[in-house]
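In: build me a model:
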Amino acid sequence: MNVNVIIALDTRRKKKDGTYPIILRLSCDERTLPIPTKYSVPLNDWDDKKREVKNSYKGLTSVTRLNNILSAQKKDARDIVLKLQEAGKLDSMSLADVKVRIVKQSASASFITYADEQVSALQEARRFGTARWYATTISVLKDFVNGITYKNTGKSKNNARELYTGKDIKFEDINYKFLTKFETTHYKNGNTVNGLSLYMRAIRAIYNKAIKDGLIDKEGYPFDDYKIKTEPTVKRALDWDLLKKIITLELDATHECFYARNYFVASYMMYGMNFSDMAYLEKSAVTGGRINYRRRKTGKLYDIKITPALEKILSYYAALSPNSPYVFPILKHDTPEQQDKEIQWARTRYNKKLKKLAELCGISQNLTTYVSRHSFATQAMLHEIPLNAISSMMGHSSLKTTEVYLKSLPSNILDDYNAKLVEGI
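Out: Numbers count the residues shown, from 1 in each chain. Sure, this is the predicted structure:
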């Protein structure tokens, strides 16, 4: 098998900043496979004949150095191919096998590069929430290795997908010492245990995916030694008397909290449906007195009976936007990227209105989009619905996820249990 390696610009994958990824292109017969580098340039700054970046490119201080790096990566890849050929292994390998071997051994096999690929793949799969989570983690890691102080604000960093020219992070760099140092820096900057958990779980997920893809070996896996910590969060579920205040609150359709209250109640009555699924709920899914829809996160199919109170809310919004395919007036555009932005904006606005709704109802607890979902789980448990049934109703893939929602029982329930245990003493 004769494998050729060239440097090329992947003009099929234009990035949001208008640049195109520079790749190593493997070819054999009529088949080709790309190996990404961590660089991308505008189309006008690429010399396709010389297969290098033009001096007109202003994204780096030294274009010559960039071209030297790319040439070195090509040489490393070509050397690996020649070694496989000399060892008599090349003819028994597929082009994909050769790619995996090159990526494992070459300088381009970095955690940053692979993680960026995963963000792109998640965006293409329309899993924008996970993509933002990974991108934020990547950006924080870049700041960490470059000595930039970061503060966890709970918001995604916008520079996560920009051209990166700082220190690289290879998979072999991510070991127990690296993770504990990252942890120490995280706490030193005044960040929380659960904030660190989010970053660490993203790093672990990307690392595990790389192992499954054959990019790296299981040997040296850092999370066998490093254990991710979490701490209990503030109770999110509302007691029934507070829920009832929200449900029975009389609001005129012109009131600023009218939509927020209806969304909150509808979510609760639809098994604690999350806001994203509510946004994508189509009118065609509401038929025959039932709601049939598939949860976007897990793919689980729901079949929910519509109660009279829920019917009133659904009918109101279905009539409000007769030309829209969706029940709730949240999505107005067609492209996944635009719809994701609309959901983010609407969720932020919804949470602000929920805070005002809490004031109207005399609720001191922080009211967010998640509270209706947690409240549904807690009320289901208090009505002695089996855990596996609650898990199924909420669309969880495992009982462990459901248990997270139910780990904080209301104090009055614990008091009742204790009274039974000490009765007669």
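In: which residue ranges form the helices in the stretch 101-250 of the chain?
Out: Listed from the start of the chain, the stretch 101-250 of the chain has helices (DSSP state H, counting those that start in this stretch) covering 111-124, 128-145, 176-188, 193-212, 240-248.
In: buried sites along stretch 363-378?
Out: Neighbour-count burial for stretch 363-378 flags 363, 367-378 (criterion: 16 or more other CB atoms under 10 Å). Every residue, glycine included, has its C-beta placed from N, CA and C.
In: coming back round to it: need the helices of the stretch 101-250 of the chain in CSV (columns: mean neighbour count, mean pLDDT and distance to I7).
Out: Listed next are the helices of the stretch 101-250 of the chain as CSV, based on neighbours: other CB atoms under 10 Å; pLDDT from 0 to 100; distance: least, CB to CB, whole Å:
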stretch, mean neighbour count, mean pLDDT, distance to I7
helix 111-124, 19, 87, 15
helix 128-145, 20, 92, 24
helix 176-188, 15, 94, 31
helix 193-212, 17, 91, 24
helix 240-248, 15, 91, 60
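In: got these as a markdown table, with distance to K170 columns?
Out: Below are those laid out as a markdown table (distance: least, CB to CB, whole Å):
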| stretch | distance to K170 |
| --- | --- |
| helix 111-124 | 6 |
| helix 128-145 | 11 |
| helix 176-188 | 10 |
| helix 193-212 | 11 |
| helix 240-248 | 51 |
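In: closest to T61 out of those?
Out: Of all the helices of the stretch 101-250 of the chain, helix 128-145 sits nearest to T61, with 17.9 Å by CB to CB.
In: mind listing which of the buried residues of stretch 363-378 are in helices?
Out: Secondary structure from DSSP state H places 369-378 of the buried residues of stretch 363-378 in helices.
In: and which of those residues is nearest to I313?
Out: Within these, proximity to I313 (CB to CB) peaks at S372, which comes in at 12.9 Å.
In: which two among the buried residues of stretch 363-378 are spaced furthest apart?
Out: Across these, the longest distance by CB to CB is 18.3 Å; it joins I363 and A377.
In: and the ones in helices among the buried residues of stretch 363-378 as a markdown table, adding distance to D173 and pLDDT?
Out: Compiled in a markdown table, those are given as follows (distance: CB to CB, whole Å; pLDDT from 0 to 100):
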| residue | distance to D173 | pLDDT |
| --- | --- | --- |
| T369 | 37 | 87 |
| Y370 | 35 | 85 |
| V371 | 40 | 89 |
| S372 | 42 | 88 |
| R373 | 38 | 84 |
| H374 | 38 | 83 |
| S375 | 43 | 84 |
| F376 | 43 | 83 |
| A377 | 40 | 81 |
| T378 | 43 | 80 |
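In: which of the buried residues of stretch 363-378 lies closest to K83?
Out: Within the buried residues of stretch 363-378, the smallest distance to K83 is 53.4 Å, found for Y370 (CB to CB).
In: wait, what's in contact with that closest one?
Out: When contacts are counted by CB atoms under 8 Å, 6 or more residues apart in numbering, Y370 is found next to 236, 274.
In: what about the closest residue to R101 other than its chain neighbours, how many neighbours?
Out: Closest residue to R101 apart from its sequence neighbours, by CB to CB, 6 or more residues apart in numbering: I80 at 6.1 Å. The burial metric for I80, expressed as a neighbour count using other CB atoms under 10 Å, is 19.
In: how about Y350?
Out: When neighbours are counted by other CB under 10 Å, Y350 registers 20.
In: looking at it, it is touching T369, isn't it?
Out: Yes: when contacts are counted by CB atoms under 8 Å, Y350 is listed as touching T369 (6.1 Å).
In: between these two, what contacts are shared?
Out: What both Y350 and T369 touch, as defined by CB under 8 Å, 6+ apart, is the set F275.
In: can I take it that A253 is in a helix?
Out: No: when the secondary structure is assigned by DSSP: H, G, I helix; E, B strand; the rest coil, A253 falls in coil instead of a helix.
In: low-confidence ranges in the chain?
Out: Along the chain, segments meeting pLDDT under 70 span 104-109, 149-166, 214-215, 217, 232-235, 395-425.
In: hey, which strand is longest across it?
Out: Taking residue count as the measure and DSSP state E as the definition, the longest strand of the chain comes out as strand 31-41.
In: for that strand, buried residues please.
Out: Of the residues in strand 31-41, those with enough neighbours to count as buried (16+ other CB under 10 Å) are 33, 35-41.
In: show me how far stretch 187-202 is from its chain's centre.
Out: When distances are taken as CA atoms, centre = their mean, to the nearest Å, stretch 187-202 is centred 16 Å away from the chain's centroid.
In: and of the helices of the stretch 101-250 of the chain, who's closest to A8?
Out: helix 111-124 (16.2 Å).
In: may I have that closest one exported as PDB, CA atoms only?
Out: Coordinates of each C-alpha in helix 111-124 appear next as PDB, following Å, rounded to 0.1, in the frame of the first residue of the first chain:
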ATOM      1  CA  PHE A 111      -5.700  17.100  23.900                       C
ATOM      2  CA  ILE A 112      -6.600  20.600  22.700                       C
ATOM      3  CA  THR A 113      -6.800  19.500  19.100                       C
ATOM      4  CA  TYR A 114      -8.900  16.500  19.800                       C
ATOM      5  CA  ALA A 115     -11.100  18.400  22.200                       C
ATOM      6  CA  ASP A 116     -11.800  21.100  19.600                       C
ATOM      7  CA  GLU A 117     -12.700  18.300  17.200                       C
ATOM      8  CA  GLN A 118     -15.300  17.000  19.700                       C
ATOM      9  CA  VAL A 119     -16.800  20.500  20.100                       C
ATOM     10  CA  SER A 120     -17.200  20.700  16.300                       C
ATOM     11  CA  ALA A 121     -18.700  17.200  16.200                       C
ATOM     12  CA  LEU A 122     -21.200  18.000  18.900                       C
ATOM     13  CA  GLN A 123     -22.200  21.200  17.100                       C
ATOM     14  CA  GLU A 124     -22.800  19.200  14.000                       C
END
